[in-house]
Each structure stands twice: as structure tokens, then as C-alpha cells.
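Enquirer: coords below, sequence missing:
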């Protein structure tokens, strides 16, 4: 595919494939230059680029009457379908791609919804707030757990407390041991977060998703004890189909 014809989501996939896939990246954690490259790509992306109408209209949109960006061109010509932001009445995950090395998807929040405190074991996570605003509370372990069992709890240092993030803002990044690897997200307004996880969650590979309760330590401001916690009984993330530009995946290596 000619570089000038690639959608922004295709450019993001191609960059993630180059950085995170074995034999293409440097191996291990990405370099700072690679992270900045990915952040630059994410910084240029909007909700439209992943098939979401932040204005809430949804439905189909004529490419001739919309933005002139390359992402508005449907490979079938004429019209593209968009999901309506107003339709997200629960936290909704729009799956774009997942392979052994990374995943791409969008978490869409109605106002007031919270994704409880959870970790990202052994992962690099890049996130771009596509629209709206949210508050973030995050921690890093004081001593990095050496196993999945050790992640049940321990002492953590505060990275952010109720930090407000409003779109448009720069893409953020967290690492396995820094940047706020354990975080909770609360939507102030309807909002959407485009996430790249490298590698994805995989319980059988020691990367389960664990949720926590945080207990402040009054005598040690800036620190808290984290204890594994069950999700609220009424908590649920629902799925929605990806309707953005078609993604061309290297099927010789991966199954999407």
C-alpha cells in the first residue's frame, strides 16, 4: 500500500508492528525514539479516524461533505459508517486489532463511568484521549513484583491523584515499572481513549488483569497500600464493532 494512501489507523498499526513485533523492533522495551514516533502518530489521530462520531450523529457520512483527510475516503467509495458517541451508555470497547505482540482498541465512556484501579503487567501502554475529559489516579509499585502472585498487593507510590485530562492533549505512555502502570479512569464528560497495549493481556503468559483497592498511608504522603479487589458486581465493559477504515494486517505473521 502506498504511504500516501494509508489511513491514520493503518499508519499506527504499521508503526506498532515495526516497533513491537519480533525481528522488526530492537527487542525488549522500545527506545525513546520509537516511543516518540508512536506518540506523534497518536497525537495526529481523532475519533473520526477510528470510526467514531464524537458529535454523536453516527450513521453514515458522505466523504465529499466531510473532512478532506485521507481517512475520510472509503475504499468502497462515497460513504463511511460511524459509531455515535451518544450510543455509549456503558463503558464500551471497540476492538481494532490484537496479535501476540500488541493490541489496538478504543475505550468509550459515558459521563461518570469509572474503570477501576487496575494494572498492566509487563506492558508498555500508549493512550490518546480522542474527545472529552477524564480524571486519572495512578501508581507505580515501590518494588516491582517478580511474579503474578506477588501482584496481589503491596506498597505503591502515587504518580497522579485525580489528574484532569482534557482533549485535545498529548498521547501518554506508561511502562512496566513507571509512568503510572496501575491506574483508574473516571469520565468527567463522555470521552474515548485509544489504547495500544504491548504486549496484550494474557493470563496464561503471566499478564492477567488485576484490580485493586488503594489504602492511603497518612504517615507517608505520596504512598499507598494496594490490595487485590473484586470488581463491583454491576461493572461491565461491553463490545462494539470497529467500523473505521479497513486495516491491512500482515497475515503471514498474525491472525487478526
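Expert: On my side now, so go ahead. Bear in mind the structure is a predicted one, so any value in this text is a computation, not a measurement.
Enquirer: do you know how far residue 223 is from residue 152?
Expert: 18 Å (C-beta to C-beta, to the nearest Å). C-beta: built from backbone N, CA, C; applies to glycine.
Enquirer: Same question for residue 60.
Expert: For residue 60, the distance to residue 152 - C-beta to C-beta - is 48 Å.
Enquirer: so where do the helices sit in the chain?
Expert: 8-20, 32-43 (DSSP state H).
Enquirer: ranking the ones you listed by burial, who's on top?
Expert: Per residue and on average, the most neighbours among the helices of the chain fall to helix 8-20, with a mean of 21 (mean count of other C-beta atoms under 10 Å).
Enquirer: what angle do it and helix 32-43 make?
Expert: 170 degrees (axes from the mean of the first three to the mean of the last three C-alpha atoms, to 10 degrees).
Enquirer: residues making contact with helix 8-20?
Expert: Outside helix 8-20, the residues within contact range by C-beta atoms under 8 Å, 6 or more residues apart in numbering are 1, 6, 24-25, 30, 34, 37-38, 41-42, 44-45, 49-50, 69-71, 96-97, 101-102, 104, 196, 198-199, 244-245, 247-250.
Enquirer: please redo it, this time with the cut-off set to 7 Å
Expert: 24-25, 30, 34, 37-38, 41-42, 44-45, 49-50, 71, 96-97, 101-102, 104, 196, 198, 244-245, 247-248, 250 (C-beta atoms under 7 Å, 6 or more residues apart in numbering).
Enquirer: Please indicate which of those are buried?
Expert: Buried by 16 or more other C-beta atoms under 10 Å: 25, 30, 34, 38, 41-42, 45, 49-50, 71, 96-97, 101-102, 104, 196, 198, 244-245, 247, out of the contacts of helix 8-20.
Enquirer: show me the biggest strand of this protein in terms of residues.
Expert: strand 153-166 (DSSP state E).
Enquirer: Please point out which parts of that one sit buried.
Expert: 153, 156, 158-160, 165.
Enquirer: cool, stretch 170-183 as well?
Expert: 171-176, 179-183.
Enquirer: measure that stretch end to end?
Expert: 18 Å (C-alpha to C-alpha, to the nearest Å).
Enquirer: Now do that stretch: distance to the chain's middle.
Expert: When distances are taken as C-alpha atoms, centre = their mean, to the nearest Å, stretch 170-183 is centred 11 Å away from the chain's centroid.
Enquirer: again with stretch 190-202
Expert: 2 Å.
Enquirer: now do stretch 32-46
Expert: The answer for stretch 32-46 is 13 Å, by C-alpha atoms, centre = their mean.
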